[in-house]
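[1] Need the 3D shape of this:
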Amino acid sequence: MKELTADGSGTPALRTGLRTRTLSDERLEFCRQIGVEDIFLDHRDPRGDVFADEGSHDEETITIDEGVVPSVSDLVAARNRAEDAGLRLMGIQSLSYNVYGKIMLGVDGQDRQLETIKQLVRNVGEADIPILGYQWNPRGVVPMRTSQTVQLRGGARGRGFDIDDIDEPYERAPEVEREYEEAELWDNYERFLEAVLPVAEEAGVTLALHPADPPTVEQLGGIPRLFRNVEAFERAMTAVPSDNHGLKLCLGCFSEMPGTDVTEVIERFGEEDDIVFVHFRDVIGTWPSFTETFVDDDRSNFDALTAIGALQDVGFDGVMVPDHVPTITGDTEWGHRSRAHAVAYLNGLLECSRRSP
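    Now for the predicted structure:
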């Protein structure tokens, strides 16, 4: 398989990838046809909803849940399916809240979830898959987006968030049993790192942390949201130092944070070699009201070419995943057309950046 190289060393250069729930032949062929060589296997629809139409739990998908871990042979088979299609299976995109929520809150069942994650890390490492993405984001207390149909150019539809669309967003949600203090959630998180990172180091797997989405508010629905700003990620990266821990650097989430410069974020974490892979998406506006948009929208919060240049300047040679994409005319549930547009645009910018003097 052809590998683009940054310096002739054989190390793949900064490049685009995709996240996918299925490893069907058709999906893998599509990824290669539009110029992608790297994929992340997902348990969710990349638009954020549990997959419905592509997904029985068969040889083309995997299932990860509390107490449910894909075997090494299942993961090797998934890697082989990707490789047979000319692709690299770079990692597991993320963990479901069902796998870490009890650890986050420190409630009964957390030990079982911790063992699930540790066994998953071991199996992923034994299958020679390098990355396990994860979130530490409360689920179910407030919606991640309050609209699925914000109008974009030409009638395309984007997902939006507006705090004014939620009744009493800062009040404790009925399903939240009690008030939680931020300090206790930090204690729970750091205990998680102390338990899991040694396993990751032994397995040769790198964990990649995603921001809270939406970010920048201390709590919603009665649960603190730890990973809402740059300072929180600095703490996460230094609390339990490890070369096997870094960021799933979601440029969209960081650009949602008021007063946050995406280029400065790339420089800060790139210089420390903390970027594992990138979610390359953008939004219009910041907390408390914003809309996801096309990566080439000139109204968006940051310039895509500048961000690519910053990633190259800090020596990042990993994968950029378009992540969420708008809904466009005639598209599929997964968003084939919209993802092809995003990949083509980013690949074009990459080519331009490589030819710049």
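
[2] So, low pLDDT: which residues of the stretch 1-150 of the chain?
    Scanning the stretch 1-150 of the chain for pLDDT under 70 picks out 1-12, 44-59.

[3] Do you have the strands of it handy? List them.
    Counting by DSSP state E, counting those that start in this stretch, the stretch 1-150 of the chain has strands at residues 15-20, 38-41, 88-92, 131-135, 147-151.

[4] mind checking which of those strands is nearest residue 170?
    Residue 170 lies closest to strand 147-151 among the strands of the stretch 1-150 of the chain, at 19.9 Å (CB to CB). C-beta: built from backbone N, CA, C; applies to glycine.

[5] Which neighbouring elements make contact with the helix or strand that the closest one is followed by?
    Counting by DSSP states H and E, the next helix or strand C-terminal to strand 147-151 is strand 157-162. Strand 157-162 is packed against strand 147-151, strand 289-293, with contacts defined by 3 or more CB pairs under 8 Å, 6 or more residues apart in numbering; DSSP states H and E.

[6] can the strands of the stretch 1-150 of the chain go into a markdown table with extra columns for mean neighbour count and distance to residue 65?
    As requested, those are exported to a markdown table (neighbours: other CB atoms under 10 Å; distance: least, CB to CB, whole Å):
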| stretch | mean neighbour count | distance to residue 65 |
| --- | --- | --- |
| strand 15-20 | 25 | 18 |
| strand 38-41 | 24 | 15 |
| strand 88-92 | 24 | 13 |
| strand 131-135 | 23 | 14 |
| strand 147-151 | 14 | 25 |
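
[7] Let me have the helices and strands packed on strand 157-162 in CSV, extended by distance to residue 233.
    Output for the helices and strands packed on strand 157-162, formatted as CSV (distance: least, CB to CB, whole Å):
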stretch, distance to residue 233
strand 147-151, 28
strand 289-293, 19
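
[8] and the gap between residue 139 and residue 105?
    11 Å (CB to CB, to the nearest Å).

[9] Neighbour count: the two, which is higher?
    Just comparing residue 139 and residue 105: by other CB atoms under 10 Å the higher neighbour count belongs to residue 105, 19 against 16.

[10] Report the contact partners of that one.
    Contacts for residue 105 (CB atoms under 8 Å, 6 or more residues apart in numbering) come out as 180, 185, 188, 223.

[11] What is the nearest of these to residue 345?
    For the contacts of residue 105, the nearest to residue 345 is residue 223 (36.3 Å; CB to CB).

[12] Regarding that closest one, what are the backbone dihedral angles?
    With angles defined as degrees, to the nearest 10, residue 223 sits at phi -120, psi 120.

[13] Skipping its backbone neighbours, what lies nearest it in space?
    Distances taken as CB to CB, 6 or more residues apart in numbering place residue 138 nearest to residue 223, at 4.2 Å, with adjacent residues excluded.

[14] now swap in residue 109 and tell me
    residue 102 (4.3 Å).

[15] Which parts of the stretch 1-150 of the chain are helices?
    Here the stretch 1-150 of the chain has its helices, by DSSP state H, counting those that start in this stretch, at 25-33, 72-84, 97-105, 110-126.

[16] neighbours around residue 247, how many?
    Neighbour count of residue 247, defined by other CB under 10 Å: 26.

[17] Residues touching the longest helix along the chain, excluding its own?
    Longest helix in the chain by number of residues (criterion: DSSP state H): helix 182-203. Helix 182-203 has contacts (CB under 8 Å, 6+ apart) with 100, 103-106, 110, 114, 117-118, 121-122, 124-126, 132, 136, 206-207, 218-219, 223-224, 226, 235-236, 239-240, 242-245.
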